[in-house]
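Trainee: Whatever this is, show me its structure:
(one chain, ligands or ions: 1)
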Amino acid sequence: MKQIQDTISFIQDLYKTKEFIPLHAPKFEGNEKKYLLETIDSTFVSSVGAYVDQFEEMMKVISKTKKAVAVVNGTAGIQVALRLVGVKQGDEVITQALTFVATANAIVYNGSSPIFLDVDIDTMGLSPKSVADFLEEFGDLHEDGCYNKKTGKKISACLPMHTFGFPVHLDDLKIICDAWKIPIVEDSAESLGSEYKNKPTGSIGEIGVFSFNGNKIVTCGGGGVIVTNNENLGIKGKYLTTTAKVPHAYEFYHDELGYNFRMPNLNAALACAQLEQLNLFLANKRTIALGYKSFFDSASIRFRTETADTKANYWLMCVELECLKDRDLFLSETNAAKVMTRPIWQLLYRLPMYWNCQRDEQLNAQFLEERIVNIPSSVR
Ligand SMILES: Cc1ncc(COP(=O)(O)O)c(C=O)c1O
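Mentor: Here you go, the predicted model:
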């Protein structure tokens with residue numbers, strides 16, 4: 001197909017190579033080596049150290065929140081965030097099936113189960129309408145929160161995910177969740193630097209969680225952060241992720257079951273150096289996105305752009321093909337030409353451990369599952 005061949009040539013020109021082009025490669029051109037060497041020289045390579053503190057301060061500023069807790073990865077961050085907003089064993093959490101598996105896994109690690117609701121076509125994230133429709137049918141509002149009429153279980157959180165850095169319709173979602181007394185935890189793993197109505201994603205729900213995994217816009221090898229404007233939740237988050245140790249000069253006393261989810265200082269050093277370059281990365285990606293947009297405007301392949309009132313970080317850029325057959329052809333031809341492309345995730349209710357979860361029809365999620373493909377998006 002000529003259009004696919006033209007796309008391959010465009011991407012090869014963009015990245016100035018005919019060799020393998022990955023989906024997303026990290027870039028280390030700032031203070032990464034300097035900070036890492038400083039950390040090694042200081043001997044503070046583990047879970048306490050100046051870079052952990054500095055990283056948390058930087059993340060408060062970037063996410064415009066009052067508290068930031070550095071954690072070992074995004075999945076652990078979501079697990080703890082859900083526990084912080086009150087998710088308990090046997091509860092249920094509303095989320096989307098069109099997401100990376102970690103979103104749902106973090107729900108199950110708390111002994112709770114996901115309810116998979118549909119996404120919006122424009123944002124590819126949890127649809128406020130699907131949440132409203134579901135709660136109209138199954139919600140049962142009590143003094144202490146919302147219960148599911150079908151299962152009798154408490155729906156104790158809503159976990160939307162900002163797919164590839166495109167923010168979900170947070171205002172609408174918040175109105176619905178507030179009315180049903182359901183706290184929102186934003187899975188912002190992919191959306192560092194994205195904004196919804198001039199507010200950073202992650203700062204609008206009760207808690208937000210970012211990932212710093214190797215493939216993210218900013219990486220520290222592996223890492224995550226919990227951010228919140230609720231100071232008490234932030235303090236409790238630090239305590240829970242630090243083995244629930246009661247502060248004392250020398251005694252070891254832990255008054256509940258905590259976790260060792262602390263980010264090591266080595267990773268925090270890398271994270272600080274990378275965060276210093278976040279604005280550069282964002283600008284660079286925006287330029288790439290503009291280039292892709294004007295290239296794809298003349299093709300029948302649609303390049304996905306941010307919705308009104310939002311600013312996407314363009315972490316992983318993507319195109320929408322006409323149908324599954326076109327998608328598969330696009331995937332096979334681009335990958336054969338060493339231009340890495342990947343389909344969006346398979347919907348989570350198709351995975352064995354999530355077969356029996358309650359869900360709605362998922363018409364939009366299925367539409368996107370058959371058509372969306374990620375294309376190379378590394379900072380140049
Ligand atoms: C949507 C989503 N949620 C959660 C995670 C988990 O983050 P981590 O890999 O840091 O555990 C990721 C990415 O890896 C993700 O893409």
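
Trainee: Every contact and neighbour count from this point should use C-alpha atoms.
Mentor: OK.

Trainee: For the stretch 151-300 of the chain, list the residues in contact with the ligand, please.
Mentor: M161, D187, A189, E190, S211, F212, N213, G223, G224 (Cα under 6 Å from any ligand atom).

Trainee: Show me those that map onto strands.
Mentor: D187, S211, G224 (DSSP state E).

Trainee: Flag the shaky bits of the stretch 101-250 of the chain, pLDDT-wise.
Mentor: Applying pLDDT under 70 to the stretch 101-250 of the chain flags no residue at all.

Trainee: Compile the ones in strands among the residues of the stretch 151-300 of the chain next to the ligand into a markdown table and extend it with columns for neighbour count and distance to G165.
Mentor: Shown next, in a markdown table, are those (neighbours: other Cα atoms under 10 Å; distance: Cα to Cα, whole Å):
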| residue | neighbour count | distance to G165 |
| --- | --- | --- |
| D187 | 31 | 10 |
| S211 | 30 | 12 |
| G224 | 28 | 16 |
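
Trainee: quick one: which of those residues is nearest to the ligand?
Mentor: S211 (4.1 Å; Cα to the nearest ligand atom).

Trainee: ok, which stretches of this structure are helices?
Mentor: Here the chain has its helices, by DSSP state H, at 2-14, 32-42, 50-63, 74-84, 101-109, 128-138, 170-179, 231-241, 265-275, 278-297, 324-336, 363-369.

Trainee: partner residues bridging E186?
Mentor: Beta bridges link E186 to G208 when assigned by DSSP bridges.

Trainee: Save the helices of the chain as CSV, and put in mean neighbour count too.
Mentor: CSV is the format used below for these (neighbours: other Cα atoms under 10 Å):
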stretch, mean neighbour count
helix 2-14, 15
helix 32-42, 15
helix 50-63, 19
helix 74-84, 26
helix 101-109, 21
helix 128-138, 18
helix 170-179, 16
helix 231-241, 19
helix 265-275, 26
helix 278-297, 17
helix 324-336, 17
helix 363-369, 18
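
Trainee: returning to that earlier point: quick one: the ones in strands among the residues of the stretch 151-300 of the chain next to the ligand as CSV, columns for distance to T287 too.
Mentor: Shown next, in CSV, are these (distance: Cα to Cα, whole Å):
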residue, distance to T287
D187, 26
S211, 23
G224, 27
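
Trainee: and stretch 70-89, does that touch the ligand?
Mentor: Yes. Stretch 70-89 is in contact with the ligand by Cα under 6 Å from any ligand atom, via N73, G74, T75.

Trainee: Quick one: end-to-end distance for that stretch.
Mentor: Using Cα to Cα, to the nearest Å, the end-to-end distance of stretch 70-89 comes to 25 Å.

Trainee: What's the mean pLDDT across it?
Mentor: Stretch 70-89 carries an average pLDDT of 98.

Trainee: Ok, stretch 20-40 next?
Mentor: Per-residue pLDDT values over stretch 20-40 give a mean of 97.

Trainee: I'd like to know how far A102 sits from H24.
Mentor: Taken as Cα to Cα, the span from A102 to H24 is 19 Å.

Trainee: ugh, wrong one, I meant K216
Mentor: Taking Cα to Cα, one finds K216 at 8 Å from H24.

Trainee: now K88
Mentor: 36 Å.

Trainee: Looking at the two, which is more packed in?
Mentor: A direct count of neighbours by other Cα atoms under 10 Å for K88 and H24 places H24 higher, at 20 against 17.

Trainee: who touches that one in this structure?
Mentor: N215, K216, L316, P376, S377, S378, V379 (Cα atoms under 8 Å, 6 or more residues apart in numbering).

Trainee: Next, count neighbours for the first one.
Mentor: The burial metric for N215, expressed as a neighbour count using other Cα under 10 Å, is 19.

Trainee: among the contacts of H24, which two are most distant?
Mentor: K216 and P376 (12.8 Å; Cα to Cα).

Trainee: So which bits of stretch 92-100 are buried?
Mentor: Of the residues in stretch 92-100, E92, V93, I94, T95, Q96, A97, L98, T99, F100 count as buried by neighbour count, 16 or more other Cα atoms under 10 Å.

Trainee: My guess is the third one contacts V119. True?
Mentor: Meaning I94. No. Applying Cα atoms under 8 Å as the test, I94 and V119 come out as separate, 11.8 Å apart.

Trainee: Would you check that L82 makes contact with I107?
Mentor: Yes. Between L82 and I107 a contact is recorded at 7.4 Å, counting by Cα under 8 Å.

Trainee: got the contact list for D172?
Mentor: P128.

Trainee: And it, how far from M263?
Mentor: Going from D172 to M263 by Cα to Cα gives 34 Å.

Trainee: Kindly report the same for Y196.
Mentor: 28 Å.

Trainee: Can you pick out the residue with more neighbours from these two?
Mentor: For Y196 versus M263, neighbours defined as other Cα under 10 Å are more numerous around M263 (25 against 22).

Trainee: Isn't that one up against G77?
Mentor: No. M263 lies out of contact with G77 (Cα under 8 Å); the separation is 10.6 Å.

Trainee: So for the two, which residues contact both of them?
Mentor: V71, G224.

Trainee: quick one, what contacts the residue lying closest to F28 once chain neighbours are set aside?
Mentor: Spatial nearest neighbour of F28, chain neighbours left out: Q274 (7.3 Å); criterion: Cα to Cα, 6 or more residues apart in numbering. For Q274, the contacting residues are F28, G30, N31, E32, V218, T219, C220, by Cα under 8 Å, 6+ apart.

Trainee: out of the buried residues of stretch 92-100, who's nearest Q362?
Mentor: Using Cα to Cα, the buried residues of stretch 92-100 come closest to Q362 at A97, 8.2 Å.

Trainee: Tell me who's in contact with the closest one.
Mentor: F116, L117, D118, L347, L348, Y349, A365 are the contacts of A97 under Cα under 8 Å, 6+ apart.
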